[in-house]
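Peer 1: Here is my input, please return the structure:
(one chain, ligands or ions: 2)
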Amino acid sequence: MAYLELQHLHTHFTKRSGSVLSPKTEVIRAVDGVDLSLQKGEILGLVGESGCGKSTLSRTVMQLIPATSGDVLMDGTSLTQQNARQIRSRRLDFQMIFQDPYASLNPRMTIFSTLEEALKQRHRKIGRRETQERIIALMETVGLDPAVMKKYPHEFSGGQRQRIAIARALAPEPRLILADESVSALDVSIQSQILNLLKKLRADLGLTMIFISHDLGVVRYIADNIAVMYKGKIVEYGESETVFHHPQDDYTKRLLASIPKLPAAC
Ligand SMILES: Nc1ncnc2c1ncn2[C@@H]1O[C@H](COP(=O)(O)OP(=O)(O)O)[C@@H](O)[C@H]1O
Ligand SMILES: [Mg+2]
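Peer 2: Residues are numbered from 1 along each chain as shown. Ligands and ions are numbered 1, 2, ... in the order given. The predicted model follows:
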């Protein structure tokens, strides 16, 4: 049985347009019939140009937006049928890492407080000493020196902030990580450090991950399987290297052609 399964998933938005006298409604099919499945410990790369529906798909998986139709199954259990309380506890199992860690970290909270808050989502009654120990372990896991735990986000570089955001995502012990453009804002050299960290976390913690990017080159580096999304649909799916070397769909071929090539001298 698949660990996570998306079954004919649709998420549509209704947009009002036109004038007051002749109002029109337009349906945006952001996710338009997606079937995908992930095994435990798998990294699925979801790739496609901006606006194709990647973020909407991940928000629907997290139950932050209701699916218009279709289902999301985790270990065979439907997530779309759950009540509000069940969804809240399920959210801890699904953690997101976003593109801009500066915007997603509270500037007035130290790293310690940020991680403490995240830990307490899962372990409400955890004592001081254990909190401290877990925060040290989390910081070491993501390659940060625990000595800086009392610092604020602005005191860190972009790459370090993304490490903090990853530590925060790991704190509630999630079962699935959704990384949405989480290295897109970083310099290329920092990108590869963060990608290596995510790969290591998968190996060490057995994390299952949906890694979203508009950049097929980045996705290829980290993902076991790649799903190519275009206008709300998955137009190509397969093992990472196969999709990269033998794309079947014209859109995938165009995406591949758009990957910047490094000059030979580099
Ligand atoms: N809350 C929303 N209301 C209306 N339209 C939305 C909403 N969120 C996203 N969309 C639209 O859905 C489409 C897919 O957007 P998105 O999932 O953000 O794409 P991506 O993450 O691939 O860039 C876009 O046309 C976007 O404008
Ligand atoms: Mg997006």
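Peer 1: interface residues of this structure facing ligand 1?
Peer 2: Counting by Cβ under 6 Å from any ligand atom, the chain comes close to ligand 1 at 13, 15, 28, 30, 48, 50-56. Where C-beta positions appear, they are placed from N, C-alpha and C, glycine not excepted.
Peer 1: Quick one, which of those has the minimum pLDDT?
Peer 2: Confidence by pLDDT is poorest for residue 15 among the residues of the chain next to ligand 1, given 89.
Peer 1: Surely that residue and residue 26 touch.
Peer 2: Yes - Residue 15 sits in contact with residue 26 when judged by Cβ atoms under 8 Å, with a separation of 4.7 Å.
Peer 1: tell me the SS of residue 173?
Peer 2: Under DSSP: H, G, I helix; E, B strand; the rest coil, residue 173 falls in the coil class.
Peer 1: For it, grab the count of nearby residues.
Peer 2: Neighbour count for residue 173, taken as other Cβ atoms under 10 Å: 13.
Peer 1: Now it: closest residue in space, sequence neighbours ignored.
Peer 2: Once flanking residues are discounted, residue 173 sits nearest to residue 122: 5.9 Å by Cβ to Cβ, 6 or more residues apart in numbering.
Peer 1: That neighbour: neighbour count?
Peer 2: Using other Cβ under 10 Å: residue 122 sits among 14 other residues.
Peer 1: ok, now how distant is it from residue 202?
Peer 2: As judged by Cβ to Cβ, to the nearest Å, residue 122 and residue 202 stand 20 Å apart.
Peer 1: what does residue 31 give?
Peer 2: When residue 31 is compared with residue 202 (using Cβ to Cβ), they lie 25 Å apart.
Peer 1: Neighbour count: these two, which is higher?
Peer 2: residue 31 (30 against 19).
Peer 1: what sits against the more buried one?
Peer 2: 9-12, 53, 56-57, 60, 67, 232 (Cβ atoms under 8 Å, 6 or more residues apart in numbering).
Peer 1: end-to-end on stretch 180-195?
Peer 2: The first and final residues of stretch 180-195 sit 13 Å from each other (Cα to Cα, to the nearest Å).
Peer 1: mind listing the strands for this structure?
Peer 2: Secondary structure of the chain (DSSP state E): strands at 4-18, 23-38, 43-47, 69-74, 77-78, 94-97, 176-180, 208-213, 225-230, 233-239.
Peer 1: Quick one, which of these gets closest to residue 149.
Peer 2: For residue 149, the closest of the strands of the chain is strand 94-97, at 19.5 Å, according to Cβ to Cβ.
Peer 1: Can you tell me the strand partners of the closest one and which way each runs?
Peer 2: strand 176-180 (parallel) (DSSP bridges).
Peer 1: Quick check: residue 140 touching residue 148?
Peer 2: No - Residue 140 is beyond contact range of residue 148, at 11.9 Å (criterion: Cβ under 8 Å).
Peer 1: more neighbours, the two?
Peer 2: residue 148 (15 against 12).
Peer 1: so what's the more buried one closest to, chain neighbours aside?
Peer 2: Residue 148 sits nearest to residue 111 (Cβ to Cβ, 6+ apart), 6.7 Å away.
Peer 1: check contacts around that neighbour.
Peer 2: Here residue 111 is in contact with 139, 144, 148-153, 164 (Cβ under 8 Å, 6+ apart).
Peer 1: Filter those residues down to the buried ones.
Peer 2: 139, 144, 149, 153, 164 (16 or more other Cβ atoms under 10 Å).
Peer 1: Setting aside sequence neighbours, what's the nearest residue to the third one?
Peer 2: Translated: residue 149. Take residue 149 and drop its neighbours on the chain: the residue closest to it by Cβ to Cβ, 6+ apart is residue 112, 4.3 Å away.
Peer 1: Over to the second one?
Peer 2: If you skip the residues right next to it in sequence, residue 144 has residue 163 as its closest partner in space, 5.3 Å away by Cβ to Cβ, 6+ apart.
Peer 1: For the chain, name the helix or strand with the lowest mean pLDDT.
Peer 2: Lowest by mean pLDDT, DSSP states H and E among the helices and strands of the chain is helix 101-104, with a mean of 78.
Peer 1: mind listing what's buried in it?
Peer 2: 101, 104.
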